[in-house]
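[1] the amino acid sequence is not available; the structure is as follows:
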């Protein structure tokens, strides 16, 4: 399911973490300039895709192409250059605990540019203003709530004006207000900065409100790719179960086991495990 | 019989695992050292880590050094009294500290205080994805975080060992000369006559540098290789302290055999 | 913590460390052994050097005037050859004698130099002619016992 308008293309990809196979012959792409949501059950490899795009992990087979460059073949310097164009928001913010909010956002600027302090100060305040936390610049990460920490992390992620934003479970664990704020920020940033955004989530309501496109993963391959409305109307039972939050369906409720009667010792069976 | 076989195979498995870990750890340390040029380009990072490892260990080193010196002086006096050579207590305290106790005990204390802190810090950074975040910002965590911590430890250790030995000698002086009444002149002059700068003090410094490298390497590796959970970090900290202690004692034997036996 | 406070503390720490090292080196250690003053080498041959080692002190009138440089065995004379590194400020006549003595009763061994009366002094590369070997305790005890036994037998 790769389109020519895709900024990111993953083709024929095999990936396993040690013994467990996550992806087999995966083909998926992400449209340039749009907000795409990657959804799927736990362990379906959603976060792994983000890591593949960022070059943090390499596939056993296949290619990850971003902006016409093959990420998993990149050498050290190329990878560094590639990462400077990406901003990533981690699930719980991953703020540096020994630096305050201001210094956290300033970190990429200090490390990657030779800008004078005055310029850095202006840029940091600009980014913090964009996420609504200019007043919190002197606080330490430990003093922030979960939602605020993630917003600071977002400000830090856009500090170098990336062309691609990756979000790892941005809505998980947030209250409704913070969820709405986060969704709003993802959308606004994408549109005003003209970038591409990809986020991983479980939250159907929040993501469908924000995303242009949704990619649904299940059992290591793409089950569906399309606009949120299209998924809502899909007749595929896997999609239906996920979108409607059904308890049982193609993804079964009961884990594989012996029959109930056997377990209760009402029946003997040859297959004693 | 099968029980015996399982035990043997477990032992074999453990040995192979240990060797494998040693290999991985060595590769890791080489990589850290390779990326260490940043320490010269940005000494601020090194200074911050020397504060973290060294300055914050000062209190325990000074206090422990003092107590060890007090005990050495006391025990030494009691033993030498029987041979009528209490004047040699200065020599005894100084040589014991400078050659052995200074480098070894301060290395053990360093491992428990600074080594565990380093492992915990790196482990927590790994668990909360701070290291990943740094990677994704195109900043190399090896250079930015790990190398300064390693070198901060290596540079702090000899200083701490020297402070420990000095405090120990002062402690020995306090208990024997000031409290018990051994002759101050005998204390210092006998000490000066028998402590050789090259043979004793310099070798002690070399020991503490080697111990510093070992403890820092172990601390930094365990932190980096820790399982990214709270339990994983706490296990890594325990491993740091235990492995460091064993390494220090083993290296002490090797170095002592080289330096202080009739090899001259 | 503010950057400058950290710098201050690390500065204090390093200063303390260096102070401790200096204290150890100067107060506790042997200052002479740090500064290697100019020396000249003389050799001396002994029948038995006992437990004499390199770096052992060379004393004259009880004062350290040098160090033993190295100890070896001569295939020609089949005796031990000891090279002494004497401090240049101390000059000894050519007919001085060297003996291997023990400090205290059971202490380390050192070389003692008794000055002679010649007009010329020992130069670099000279040999000390008159030497006295170490007293090997077992031989002394052996002699004593032998002496005692022959006394008995003689009666």
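    Alright, I've got the coordinates. For clarity, every value in this text was computed on a predicted model and none was experimentally measured.

[2] count of residues packed around residue A:60?
    Counted with other CB atoms under 10 Å in any protein chain shown, the neighbours of residue A:60 add up to 12. The way it works is simple: take the backbone N, C-alpha and C, and place the C-beta from them, glycine included.

[3] give me the nearest residue to it, chain neighbours excluded.
    Of all residues not flanking residue A:60 in the chain, residue A:14 sits nearest, at 4.7 Å (CB to CB, 6 or more residues apart in numbering or on different chains).

[4] mind listing what the one you found touches?
    A:21, A:23-26, A:59-62 (CB atoms under 8 Å, 6 or more residues apart in numbering or on different chains).

[5] which among those count as buried?
    A:23-24, A:26, A:59, A:62 (16 or more other CB atoms under 10 Å in any protein chain shown).

[6] from these, which single one is nearest residue A:173?
    residue A:23 (26.5 Å; CB to CB).

[7] which ones are touching residue A:195?
    Counted by CB under 8 Å, 6+ apart, residue A:195 has contacts A:33, A:162-165, A:189.

[8] meant to ask about residue A:96, not that
    A:103-104, A:107, A:141, B:130, B:133.

[9] that one - that's part of a helix, no?
    No: when classified by DSSP: H, G, I helix; E, B strand; the rest coil, residue A:96 is found to be coil rather than part of a helix.

[10] who is the nearest residue to residue C:119 once chain neighbours are set aside paired with across the strands?
    Closest residue in space to residue C:119, ignoring its immediate chain neighbours: residue C:93 at 7.4 Å, by CB to CB, 6+ apart. Note on residue C:93: beta-bridge partners by DSSP bridges are residue C:121.

[11] so where is the chain shaky, pLDDT-wise?
    The chain I'm using is chain A. Low-confidence segments of chain A, defined by pLDDT under 70: A:1, A:266-273.

[12] looking at chain C here, not the other one
    Using pLDDT under 70, the flagged stretches of chain C are C:1-2, C:28-37, C:105-106, C:154-155.

[13] quick check: can you list the domain ranges of it?
    Segmentation of chain C into domains, based on automatic domain parsing, reads C:1-35, C:37-142.

[14] which one of those domains lies closest to residue B:142?
    Of the domains of chain C, nearest to residue B:142 by CB to CB is domain C:1-35, at 22.4 Å.

[15] show me where chain C has its helices.
    Shown for chain C, the helices assigned by DSSP state H span residues C:3-23, C:31-34, C:137-154.

[16] of all the ones you listed, which lies closest to chain B?
    helix C:3-23 (2.7 Å; CB to the nearest CB).

[17] list the helices and strands the closest one packs on?
    On a contact count with 3 or more CB pairs under 8 Å, 6 or more residues apart in numbering or on different chains; DSSP states H and E, helix C:3-23 meets helix B:43-53, helix B:147-173.

[18] buried ones in that helix, by neighbour count?
    Those would be C:6-7, C:9-10, C:13-14, C:16-17, C:20-21, C:23, for helix C:3-23 by 16+ other CB under 10 Å.

[19] now stretch A:86-102
    In stretch A:86-102, counting by 16+ other CB under 10 Å, buried: A:86-96, A:100-102.

[20] how far does it stretch from start to finish?
    20 Å (CA to CA, to the nearest Å).

[21] how far off centre is it?
    When C-alpha coordinates are averaged (CA atoms, centre = their mean, to the nearest Å), stretch A:86-102 and its chain have centres 15 Å apart.

[22] returning to what we had before: which among the contacts of residue A:195 end up buried?
    By 16+ other CB under 10 Å, these give A:162-165, A:189 as buried.

[23] and which of those is nearest residue C:144?
    Using CB to CB, the buried ones among the contacts of residue A:195 come closest to residue C:144 at residue A:162, 94.8 Å.

[24] just say helix, strand or coil for the residue lying closest to that closest one once chain neighbours are set aside.
    Of all residues not flanking residue A:162 in the chain, residue A:87 sits nearest, at 3.8 Å (CB to CB, 6+ apart). The local conformation at residue A:87, judged by three-state DSSP, is strand.

[25] who is residue A:87 paired with across the strands?
    Under the criterion used (DSSP bridges), residue A:87 bridges to residue A:165.

[26] and the gap between the residue in the stretch 51-200 of chain A positioned nearest to chain C and residue B:159?
    Among all residues of the stretch 51-200 of chain A, residue A:98 sits closest to chain C, at 9.4 Å; criterion: CB to the nearest CB. Look at residue A:98 and residue B:159: by CB to CB, to the nearest Å, they are 23 Å apart.

[27] could you do residue B:210 as well?
    In terms of CB to CB, residue B:210 sits 15 Å off from residue B:159.
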